[in-house]
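K.L.:
A predicted structure for the sequence below; I have some questions about it.
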Amino acid sequence: MTAEIHFDRTGKLGRIILDRPKALNALTLDQVHAMHPTLDAWAADPDVACVTIEGAGEKAFCAGGDIKQLYEACKAGELDYVTAFYRDEYRLNRRIHTSPKPYVALIDGIVMGGGVGVSVHGDYRIATERTLFAMPETGIGFFPDVGGSYFLPRLPGAIGMYLGLTGVRLKAADTLHVGVATHYVDSARMPALVEALSEARDAAEVKATLDGFACDPGPAAIDSKRELIDRCFGHNTLAEVIAALEAESDPFAAETLATLRAKSPHLVAVSFEMIRRGKSLSFDECMRMEFRLALSLAPAHDFVEGVRALLIDRDNTPAWNPAGTQAQVLAHFDAIPAGGDLTF
């Protein structure tokens, strides 16, 4: 355990608190290393009936992984760190996915990237009026990882492809509408929800407690665009998606095209192929695929350049590499890491 993550037992509840509020609770490798054995211990403890995870402060649940540390490691050629980060983060994602106890993420605030990985694979995700969800990786020269290849294509219609390629942000009602969140609870009621969960004795009581606190977040803005999204993003090739958007007269399609064209063209192509493949893969197969992609693409030009432009220098003018050929896109999926594929 580090000062940046805390574990607490309250009644039959095991609580994880990510405590880096000034960094929007960005996930570090030390936090990953602290969480995994704690989850193992709680899974084996008959006195733990439920696990929650939350972020300190009022702005963010977890705004992603510690990208700046990864950026420095990639620039310095410290690939052992890069390998360890993705290997251990993805193993943690799987630990959450296979949790034998109800795992409840209190996504009160920003949830992006690595924060999605430690929330969306659990049983329940509780949104509040402060929730802001995104998988913005194509905008920093990467792909929607941490299990994005598994959960995105399993969202209804083509919404997962749209979210993964564009990195668009969703508010609370939208997250509930598309299935990213399972419940909506006002942030002011979170302390009472945690107290009630501490008294739940089994999975059925956990669900009943969450259902009892849930309320209606109001209309989902994205609902009015679902037909267009499904019509345009449900194609078998990226070229067909682009052509479909170009053929639409709705200004939303033009805005979406502009968004896509601002991203790394190569990583948009890689992400499309990854999400397309992920629909027919198991969770473990998805994570192994993402591990190959991560170790191939994190040290590459577009990731280093994207992080520089958007997070370091903040000039917002990344000089992306061209998209490359389909063969170059597919090569990343066959690039076996030097240390071998991801194992569990």
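P.N.:
It's in. Numbers count the residues shown, from 1 in each chain.

K.L.:
use CA for all of it now, contacts and neighbours both
P.N.:
Noted.

K.L.:
all strands for the stretch 51-200 of the chain, in order.
P.N.:
60-62, 103-107, 110-112, 124-127, 132-134, 170-171, 183-184 (DSSP state E, counting those that start in this stretch).

K.L.:
roughly how far apart are Gly109 and Cys215?
P.N.:
Note on Gly109: its distance to Cys215, by C-alpha to C-alpha, to the nearest Å, is 17 Å.

K.L.:
And for the nearest residue to Pro100 once chain neighbours are set aside, the neighbour number?
P.N.:
Ranked by C-alpha to C-alpha, 6 or more residues apart in numbering and with sequence neighbours excluded, the top spatial neighbour of Pro100 is Ala43, at 6.3 Å. By the criterion of other C-alpha atoms under 10 Å, Ala43 has 19 neighbours.

K.L.:
For Ala43, which residues are in contact?
P.N.:
Residues in contact with Ala43 (C-alpha atoms under 8 Å, 6 or more residues apart in numbering) are Ser99, Pro100, Lys101.

K.L.:
hang on, the earlier thing: neighbour count winner among Gly109 and Cys215?
P.N.:
A direct count of neighbours by other C-alpha under 10 Å for Gly109 and Cys215 places Gly109 higher, at 27 against 13.

K.L.:
re earlier: figure out which of the strands of the stretch 51-200 of the chain is closest to Arg95.
P.N.:
Among the strands of the stretch 51-200 of the chain, the nearest to Arg95 by C-alpha to C-alpha is strand 103-107 (10.6 Å).

K.L.:
That closest one - contacts with which helices or strands?
P.N.:
strand 50-55, strand 60-62, strand 124-127 (3 or more C-alpha pairs under 8 Å, 6 or more residues apart in numbering; DSSP states H and E).

K.L.:
Output it as PDB, nothing but the C-alphas.
P.N.:
Output of strand 103-107 as PDB, limited to C-alpha atoms (Å, rounded to 0.1, in the frame of the first residue of the first chain):
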ATOM      1  CA  TYR A 103     -17.300  -5.200  -7.500                       C
ATOM      2  CA  VAL A 104     -18.800  -1.700  -7.500                       C
ATOM      3  CA  ALA A 105     -17.100   1.300  -9.100                       C
ATOM      4  CA  LEU A 106     -18.300   4.600  -7.900                       C
ATOM      5  CA  ILE A 107     -17.500   6.700 -11.000                       C
END
